[in-house]
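Engineer: Could you look at this predicted model? Sequence included:
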Amino acid sequence: MTDPAKTEDEGGPIRFMPQLISLDYTVRTNPVAEAFGAALADGRITGHQCPNCHLVYAPPKGFCPICTIETTAEHEVPVADTGMVTSWTVLTPIQYTGQRERHDYALASILLEGADGTVGQQRLLEIPLDEIRLGLKVAAVWAPPNQREADDRGYGLGTAVDGWRPTGEPDAPAADYREHTL
Amino acid sequence: MAERCAIVGIGQTHHRKVRDDVSLAGLLREAGQRALDDAEMTWRDIDAVVIGTAPDSFEGVMMPELYLADALGCAGKPIMRVHTAGSVGGSTAIVAAHLVQSGVRKRVLTIAFEKQSEGDTTWGLSGGRSGGVGAGGYFAPHIRAYISRSGAPEYVGWMVAVKDRLNALKNPYAHLKVPDITLEMVRDSPMVWEPVRRLESCPASDGACAMVLTDEAGGDRSPHKPAWIHGTAIRSELGQFPGRDPVNPKGGQDCAADVFKQAGITDPRREVDVIEMYVPFSWYEPMWLENLGFAEQGGGWKLTEDGVTEIGGDLPVNCSGGVLSSNPIGASGMLRFAEAAMQVRGQAGEHQVDGARTALGHAYGGASQFFAMWIVRDTKP
């Protein structure tokens, strides 16, 4: 999307013209993402545990990419809405068309208790940006029930969780997060 | 593969923030014509064209290959497009090489490109939604994990940024040129994706890169010294699963081991003379040095700190200025492959490494999940 600012002509010939388009589409979701979304709306995070390697995927993928076997509702397990920060970044939002973020904010990878992989790009709340650290223990700050929409592709937590706040527990040791950048 | 493959022509555009003097097709033709001139060939001499670019949403032009077929002289000839995200320039060159090595084609023109000024890459990466993290925001947590694990001092990232920008001053095609760059200037540049500062990040560029690849007979007839392909490897892995390590991905390790094996390289640190590596954010230099087996885990940053990766060091990395200096995304991988070939052809001008005979071209893409590499030498395999 061309930045409208670029078209502010400085007396020369017009070289760029913004062409803003919109696209409405209907997503056909899949049963695994649908069930995960229903749980989120209910304030619960669920995962699938691979019957072979026993790793827990949250959000569930409907398969284990390591063992390449299908997982279904019968493999569903509960996952806590608490966990630890395994890495993070503080972003200065780039002002592309449609960007609503205006101030620096932190996004973290969070390893949930009961899951083996992290959920990425989770907003950290209620902590100054310069006090975030690896191993920080956090808990979900849930969105109001009527605003919990799952990601239509089954990625991440959609809008169900506004972000994560520190619990005040002691930080996890490095051994607990080192192998969990993802 | 039975047939040997030679690189007999290399061309690239002057990479800029905006190349509004040419259309998308004009940009590709500029690189393609330079490669053909280098090979002393014309568009008619080419049997097939293989092109590559990053996702269409980055430049906002859907399926450009459809209209580029005409602009690139492909009437009556095959054209195909390759797509593997940021590694695409590398995998495109490899697909072109395989057409020759398999004996199917004798003279293949390959071009990779990106005209970032036509669109907005961060918007594209964000799917048009607010809150998109862009490439820097995605990779920053991986970089933080590397720094935390390796204990590397913060200034190592600044050193890479300074080195590559100084190298870019020796490359007439490079986009970003900061003649007075210093460690302090990098340190004081704004933090954009903590721990990545603005001057530790790649620019957004318009540009293209092209190569003419031929069979052995073509290499023997080449008017200028050819480079010979000694190994090609591509690997991919799923973007996220428990146990996947984006700091040192298995796909990258396997890809490097494969390409070294094909080239008969057992000690890459000693046997490779020069590396062109895909480093869009400064910390990827030490990270990939470890991933590719040039340094032990946690030791890549010491090569940077000791000046080993400078021109004049014993393992120069990104003498062209690299992705940190020019980043037409779709072309960035092919630029690495082409610059590696230029080094062994003795064609790199001011950024030439004296006596370079074995070079590695490297590209990565997606969520650090696609890898493409080749080894080129000044002699036949």
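Structural biologist: Looks like it came in fine. Numbers count the residues shown, from 1 in each chain, chains lettered A, B, ... in the order given.
Engineer: ok, the residue of chain A most remote from its centre to chain B distance?
Structural biologist: Going by Cα atoms, centre = their mean, the residue of chain A most distant from its centre is A:Gly11, 44.9 Å out. Distance, A:Gly11 to chain B, using Cβ to the nearest Cβ, to the nearest Å: 16 Å. From N, CA and C alone the C-beta is placed, and that goes for glycine too.
Engineer: Name the next helix or strand following the lowest-mean-pLDDT helix or strand in chain B along the chain.
Structural biologist: In chain B, the helix or strand scored least confidently by mean pLDDT, DSSP states H and E is helix B:121-125, which has a mean of 85. Downstream of helix B:121-125, the next assigned helix or strand under DSSP states H and E is helix B:134-150.
Engineer: can you pull the alpha-carbon coordinates of that following helix into CSV?
Structural biologist: These are the backbone C-alpha positions of helix B:134-150, laid out as CSV (Å, rounded to 0.1, in the frame of the first residue of the first chain):
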residue,chain,number,x,y,z
GLY,B,134,7.3,-6.7,10.3
ALA,B,135,10.5,-8.7,9.7
GLY,B,136,12.5,-6.9,12.4
GLY,B,137,9.8,-7.4,15.1
TYR,B,138,9.6,-11.1,14.2
PHE,B,139,13.3,-11.7,14.3
ALA,B,140,14.2,-9.5,17.3
PRO,B,141,13.2,-12.2,20.0
HIS,B,142,15.4,-14.7,18.2
ILE,B,143,18.3,-12.2,18.3
ARG,B,144,17.7,-11.6,22.0
ALA,B,145,17.8,-15.3,22.6
TYR,B,146,21.2,-15.5,20.7
ILE,B,147,22.7,-12.7,22.8
SER,B,148,21.4,-14.2,26.0
ARG,B,149,22.8,-17.6,25.2
SER,B,150,26.1,-16.6,23.8
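Engineer: by contact count, what packs against that helix?
Structural biologist: Judged by 3 or more Cβ pairs under 8 Å, 6 or more residues apart in numbering or on different chains; DSSP states H and E, helix B:134-150 is in contact with strand A:82-91, strand A:105-112, helix B:121-125, strand B:191-193, strand B:196-197, helix B:284-291.
Engineer: What about B:Ser102, how many residues nearby?
Structural biologist: By other Cβ atoms under 10 Å in any protein chain shown, 12 other residues sit near B:Ser102.
Engineer: thought it was touching B:Arg4?
Structural biologist: No - if you go by Cβ atoms under 8 Å, B:Ser102 and B:Arg4 don't touch, sitting 11.9 Å apart.
Engineer: Please report phi then psi for A:Arg44.
Structural biologist: Here is the backbone geometry of A:Arg44 (degrees, to the nearest 10): phi -120, psi 140.
Engineer: Next up, the contacts around the residue nearest the centre of chain A.
Structural biologist: For chain A, the residue sitting closest to the mean C-alpha position, by Cα atoms, centre = their mean, is A:Gly156 at 4.0 Å. The contact partners of A:Gly156, by Cβ atoms under 8 Å, 6 or more residues apart in numbering or on different chains, come to A:59, A:119-122.
Engineer: can you check B:Cys5 too?
Structural biologist: With Cβ under 8 Å, 6+ apart, B:Cys5 has these contacts: B:97, B:100-101, B:213-216, B:219, B:228-229.
Engineer: now, among those, which is nearest to B:Leu125?
Structural biologist: Nearest to B:Leu125 out of the contacts of B:Cys5 is B:Ala97 (Cβ to Cβ; 29.2 Å).
Engineer: out of everything not next to it in sequence, what's closest to the closest one?
Structural biologist: Spatial nearest neighbour of B:Ala97, excluding adjacent residues (Cβ to Cβ, 6 or more residues apart in numbering or on different chains): B:Cys5 at 4.9 Å.
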